[in-house]
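[1] Kindly return the folded structure for what I paste below:
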Amino acid sequence: MKIHFIAIGGSAMHNLAIALKNKGYEVTGSDDEIFEPARGRLLKYGILPEKTGWDPGKLAPGTDAVILGMHAREDNPELLRAKELGLKIFSYPEYLYEQSKGKTRVVVGGSHGKTTITSMIIHVLQHCGVDCDYMVGAQLDGFEVMVRLTDTARIMVIEGDEYLTSPIDRRPKFHVYKPDIGIVSGIAWDHVNVFPTFENYVEQFEVFARMIPATGRFIYCEEDEVLRGLADSISNTVKEPYGVHPYYVKEGTTFLKTSCGDFPLQIFGRHNLMNINAARLACEALGVADADFYEAMTHFKGASKRLELVGKSETCAVYKDFAHSPSKLKATINAVREQYPGRKVVACMELHTFSSLNRQFLLQYAHSMDEADEAVVYFSPSAVEHKKLPPITKEMIHSSFGREDLLVFDNSQSLKEHLLSKNWSNAVLVLMSSGNFGGIDLNEFGEKIISSQFV
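    Got it, this is the predicted structure:
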């Protein structure tokens, strides 16, 4: 099979390219920009394009499939050439579905927690010796590639993003996957550039739930009022609600309370204890016994940038997290507060996504950082300009968050200097962003915070 990727450098795209190369396919690709870690990983597998840019000459009549990434535009010269030649063109969600026909598809959706739940399911299945294919949107400990495709696995576990499928396909990705077992972790308005009203956003999850067959399962968080109402309207499949798994925290470690005994975890936070219950129900549906599930979870270290520990000393800890929406900020800050009672919690977040930099959506952040002892927000005016949004100001942000002592920075260097100047004894810093605060190496910066106590 000869497969060509248009926009091969994307996070999901380059992982899919590597997965197909591992499957024995002939893989080529193009992109007008490829950054690390995609560049290094494509080079390692021998599929890094020789030069950046688009080259319609790479498309030939013998190409079996063309996979189109979100980064490409409708007028992309390679896409136009593929259409001219009559080649089969897929978005990566469509191609994942093609590869998973005949398998039991577990699709994990929701405005938050879907990466973690997907990661938990994959981890448990691997630990229990259950063969599965998968696609997940974050690096996992012990996994080289975040997409696996085989002809032998009878299960496919997919993180189901609600964003658009491709530049030429306006369907949400998780609709394309056609779930057998569908999970929704919660609904909190996002992607306002695609779903201009909350009602329109919720509708996408209702469509998803109604796609599950009568023989399948709809697993959903019953603590989410909107999701609870949606579930009440669903009658096409078996419904399984979940909440927070029983637990307790002892000497800085969270333990699961179960009928099989108590199990220590390497992760923490109330939202993770809900994620665990979602993963448990999915694994149960796939034949994994609870005792085996719990034992496997004691080895789970979490997904990349999901309350990931950067470094710590006896009196200070630094975490990085993907949180950027209001609901995610609240959940992450509350998790750190519970795990470190008595310590000062400093929460630092970046407004980086289209929604978060939107003037109207900013109002959704009201009181989302109130539980932190100190709250800091960073944004880049150039990012606002790049997204072609109306300018926002420090005053707008300060007013939107509804916190008088909120600090707002629009300069990355000033933010670094402020944080490094603080006394970090008996404190926790959590850095929350889907970006990198204007080019800060978060691992290196976290180590500087830790070491600053001893200077």
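[2] quick one: the helices in the stretch 1-150 of the chain?
    Along the stretch 1-150 of the chain, the stretches classed as helices by DSSP state H, counting those that start in this stretch are 11-22, 38-44, 77-85, 92-100, 114-127.
[3] Go through these and pick out the most buried.
    Relative to the other members of the helices of the stretch 1-150 of the chain, helix 114-127 carries the highest mean neighbour count by mean count of other Cβ atoms under 10 Å, namely a mean of 26. For the C-beta atoms, the positions are set from N, CA and C on the backbone; glycine is no exception.
[4] Can you show me the CA trace of that helix as CSV?
    These are the backbone C-alpha positions of helix 114-127, laid out as CSV (Å, rounded to 0.1, in the frame of the first residue of the first chain):
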residue,chain,number,x,y,z
LYS,A,114,-10.7,12.1,27.2
THR,A,115,-7.0,11.8,26.8
THR,A,116,-6.5,10.5,30.3
ILE,A,117,-9.5,8.0,30.1
THR,A,118,-8.2,6.7,26.7
SER,A,119,-4.7,6.3,28.2
MET,A,120,-6.0,4.5,31.2
ILE,A,121,-7.9,2.0,29.0
ILE,A,122,-4.9,1.3,26.8
HIS,A,123,-2.6,0.9,29.8
VAL,A,124,-4.9,-1.6,31.5
LEU,A,125,-5.5,-3.6,28.3
GLN,A,126,-1.8,-3.8,27.7
HIS,A,127,-1.0,-4.7,31.3
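[5] tell me what it is packed against?
    Contacts defined by 3 or more Cβ pairs under 8 Å, 6 or more residues apart in numbering; DSSP states H and E place helix 114-127 against strand 104-109, strand 155-159, helix 270-285, helix 290-297.
[6] Which strands border the helix or strand just after the second one, and is each parallel or antiparallel?
    It stands for strand 155-159. Secondary structure here is assigned by DSSP states H and E; on that basis, the next helix or strand after strand 155-159 toward the C-terminus is strand 164-166. Taking DSSP bridges as the criterion, strand 164-166 sits next to strand 169-172 (antiparallel) in its sheet.
[7] Now the partner strand: buried residues?
    Asp169, Pro172 (16 or more other Cβ atoms under 10 Å).
[8] now that strand, how far from the chain's geometric center?
    The gap between where strand 169-172 is centred and where its chain is centred comes out at 19 Å by Cα atoms, centre = their mean, to the nearest Å.
[9] What mean pLDDT does the helix or strand following that strand get?
    Moving toward the C-terminus from strand 169-172, the first helix or strand encountered (DSSP H and E) is helix 173-176. Averaged over helix 173-176, pLDDT sits at 95.
[10] would JSON lines of the helices of the stretch 1-150 of the chain with mean pLDDT be doable?
    Putting those into JSON lines (pLDDT from 0 to 100) gives the following:
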{"stretch": "helix 11-22", "mean pLDDT": "93"}
{"stretch": "helix 38-44", "mean pLDDT": "94"}
{"stretch": "helix 77-85", "mean pLDDT": "97"}
{"stretch": "helix 92-100", "mean pLDDT": "94"}
{"stretch": "helix 114-127", "mean pLDDT": "95"}
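[11] Pull up the distance across stretch 286-300, start to finish.
    Across its full length, stretch 286-300 reaches 19 Å between end residues, using Cα to Cα, to the nearest Å.
[12] and Gln413, which of the helices of the stretch 1-150 of the chain is closest to it?
    With Cβ to Cβ as the measure, helix 38-44 is the member of the helices of the stretch 1-150 of the chain nearest Gln413 (26.2 Å).
[13] Distance from the closest one to the middle of the chain?
    On the basis of Cα atoms, centre = their mean, the separation between the geometric centre of helix 38-44 and that of its chain is 21 Å.
[14] What degree of burial does Leu286 show, as a neighbour count?
    Neighbours of Leu286 under the rule other Cβ atoms under 10 Å: 19.
[15] Surely Trp54 and Arg81 touch.
    No. The pair formed by Trp54 and Arg81 falls short of the contact definition of Cβ atoms under 8 Å, at 9.2 Å.
[16] quick one: the spatially most central residue of the chain and Val130, what's the gap?
    Nearest to the mean C-alpha position of the chain, by Cα atoms, centre = their mean, lies Thr115 at 4.5 Å. The gap separating Thr115 from Val130 is 20 Å, by Cβ to Cβ, to the nearest Å.
[17] re earlier: adding distance to Cys260, write the helices of the stretch 1-150 of the chain out as a markdown table.
    What follows is the helices of the stretch 1-150 of the chain, written out as a markdown table (distance: least, Cβ to Cβ, whole Å):
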| stretch | distance to Cys260 |
| --- | --- |
| helix 11-22 | 35 |
| helix 38-44 | 39 |
| helix 77-85 | 53 |
| helix 92-100 | 32 |
| helix 114-127 | 14 |
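[18] mind checking which of these is nearest Phe208?
    When these are compared by Cβ to Cβ, helix 114-127 sits nearest Phe208, at 11.7 Å.
[19] Excluding chain neighbours, what is closest to Ala82?
    With Cβ to Cβ, 6 or more residues apart in numbering as the criterion, Ala82 has its nearest non-adjacent residue at 4.5 Å, and that residue is Val66.
[20] what about the one you found, how many residues close to it?
    Neighbour count of Val66, defined by other Cβ under 10 Å: 24.
[21] Distance check, it against Ile8.
    11 Å.
[22] what's the answer for Gly57, then?
    Computed with Cβ to Cβ, the distance linking Gly57 and Ile8 is 16 Å.
[23] Neighbour count: those two, which is higher?
    Counting neighbours by other Cβ under 10 Å for Gly57 and for Ile8 shows that Ile8 has the greater number, 25 against 9.
[24] Pretty sure the more buried one sits against Gly69.
    Yes. The pair Ile8 / Gly69 is scored as a contact, 7.2 Å apart, by Cβ under 8 Å.
[25] which residues do those two both contact?
    Common neighbours of Ile8 and Gly69 (criterion: Cβ atoms under 8 Å, 6 or more residues apart in numbering): Asp31.
[26] Tell me, how many residues neighbour Met102?
    That one is not Met; residue 102 is Gly. Neighbours of Gly102 using other Cβ under 10 Å come to 9.
[27] And the pLDDT for it?
    92.
[28] Would you check how far apart it and Asp151 are?
    When Gly102 is compared with Asp151 (using Cβ to Cβ), they lie 10 Å apart.
[29] re earlier: what residues does the residue nearest to Ala82 make contact with?
    With contacts defined as Cβ under 8 Å, 6+ apart, the neighbours of Val66 are Ile3, His4, Phe5, Ile6, Leu59, Glu78, Leu79, Ala82, Leu87, Lys88, Ile89, Phe90.
[30] Just the CA coordinates for the longest strand seen in the chain, please, in PDB.
    Taking DSSP state E as the criterion, the chain has its longest strand at strand 344-351. Taking only C-alpha atoms (Å, rounded to 0.1, in the frame of the first residue of the first chain), the coordinates of strand 344-351 have been written out as PDB:
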ATOM      1  CA  LYS A 344       0.400  27.600  48.900                       C
ATOM      2  CA  VAL A 345      -0.900  26.800  45.500                       C
ATOM      3  CA  VAL A 346       0.200  29.100  42.700                       C
ATOM      4  CA  ALA A 347      -1.800  28.600  39.500                       C
ATOM      5  CA  CYS A 348      -0.300  30.000  36.200                       C
ATOM      6  CA  MET A 349      -2.300  29.600  33.000                       C
ATOM      7  CA  GLU A 350      -1.900  30.700  29.400                       C
ATOM      8  CA  LEU A 351      -4.800  31.900  27.200                       C
END
